[in-house]
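Fold the following for me, if possible:
(one chain, ligands or ions: 1)
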Amino acid sequence: MPHTLPSLPYAFDALEPHIDARTMEIHHGKHHAAYVANLNKALEATGSAGLTELEIVRLLRNLKEVPEAQRTAVRNNGGGHYNHSLFWMSLAPRGGGRPTGPLAKAIETTFGSFEAFQTKFEEAAMGRFGSGWAWLTYGTDGTIAVGSTPNQDNPIIEATGTPLLGLDVWEHAYYLQYQNRRAEYVKAFWSLVDWSEIGRRYATCKA
Ligand code: MN
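Next comes the predicted model:
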């Protein structure tokens, strides 16, 4: 099978108290695993070896090449696989704080301050009705922006740029611990963001 579930770079309970172990176990082992399995199934159904072997970012950039019968399944599950893979790597047990270097500068220039960026990002996360993601994106024009997408869409699928940081606001990401209190989960997220990793992504986009 071409796409595989990446292992978590930390233990299930490593993000406590901000995200509980049971949520991580189900989120990674059931939800993310299902996106991978269903993506592989949909790709197999296309009968195209070329599509099946395509790297995930290139696949999401070329969804129009996927036969219509499988396109929605590839979009939803391929998006889900990419988004969650990025999400796990964006978090760290001793995360939090703030970005440094060129990313810190870009955030200040674009939003006025790190706090103003956080407010905008939280608004995107809270304003997404139903399931989806909030994003900090490196745009196709070289600027950074905050936005949100529904379902398992992302800036690659929408062709607006490359995701630097994403927050999963599906209820499955927080319901066990926070129930309906999405705002508390969004606040807790700031204690987990691995800004050195996000800064590396920004540097890669700029290069
Ligand atoms: Mn999720």
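
Leu164 looks like it's in a strand, true?
Yes: assessed by DSSP: H, G, I helix; E, B strand; the rest coil, Leu164 belongs to a strand.

contacting residues around it?
Residues in contact with Leu164 (Cβ atoms under 8 Å, 6 or more residues apart in numbering) are 103, 135-138, 144, 198, 201-202, 205. Where you see a C-beta, it was placed from the backbone N, CA and C, and this is true even at glycine.

most surrounded residue in those?
Of all the contacts of Leu164, the highest neighbour tally under other Cβ atoms under 10 Å goes to Leu136, namely 30 neighbours.

list the contacts for that residue?
117, 121, 144-146, 163-166, 198.

on that earlier part again, which pair of the contacts of Leu164 spans the longest distance?
Leu103 and Trp135 (14.6 Å; Cβ to Cβ).

Please pick the buried ones from the contacts of Leu136.
117, 121, 144-146, 163-166, 198 (16 or more other Cβ atoms under 10 Å).

Can you show me the strands along this protein?
Taking DSSP state E, the strands of the chain run over residues 132-139, 144-150, 161-168.

Reformat the contacts of Leu164 into JSON lines and put distance to His18 and pLDDT next to each item.
JSON lines is the format used below for those (distance: Cβ to Cβ, whole Å; pLDDT from 0 to 100):
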{"residue": "Leu103", "distance to His18": "22", "pLDDT": "98"}
{"residue": "Trp135", "distance to His18": "20", "pLDDT": "98"}
{"residue": "Leu136", "distance to His18": "19", "pLDDT": "98"}
{"residue": "Thr137", "distance to His18": "24", "pLDDT": "98"}
{"residue": "Tyr138", "distance to His18": "26", "pLDDT": "98"}
{"residue": "Ile144", "distance to His18": "25", "pLDDT": "98"}
{"residue": "Ile198", "distance to His18": "17", "pLDDT": "98"}
{"residue": "Arg201", "distance to His18": "21", "pLDDT": "98"}
{"residue": "Tyr202", "distance to His18": "23", "pLDDT": "98"}
{"residue": "Cys205", "distance to His18": "27", "pLDDT": "97"}
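
Could I get the CA-only coordinates of the lowest-mean-pLDDT helix or strand in the chain as PDB?
Least confident helix or strand, the chain: helix 49-53 with a mean of 94, by mean pLDDT, DSSP states H and E. Output of helix 49-53 as PDB, limited to C-alpha atoms (Å, rounded to 0.1, in the frame of the first residue of the first chain):
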ATOM      1  CA  ALA A  49      -0.600   2.900 -10.900                       C
ATOM      2  CA  GLY A  50       0.600   6.400 -11.500                       C
ATOM      3  CA  LEU A  51      -2.000   8.000  -9.200                       C
ATOM      4  CA  THR A  52      -1.400   5.300  -6.600                       C
ATOM      5  CA  GLU A  53       2.300   6.000  -6.400                       C
END
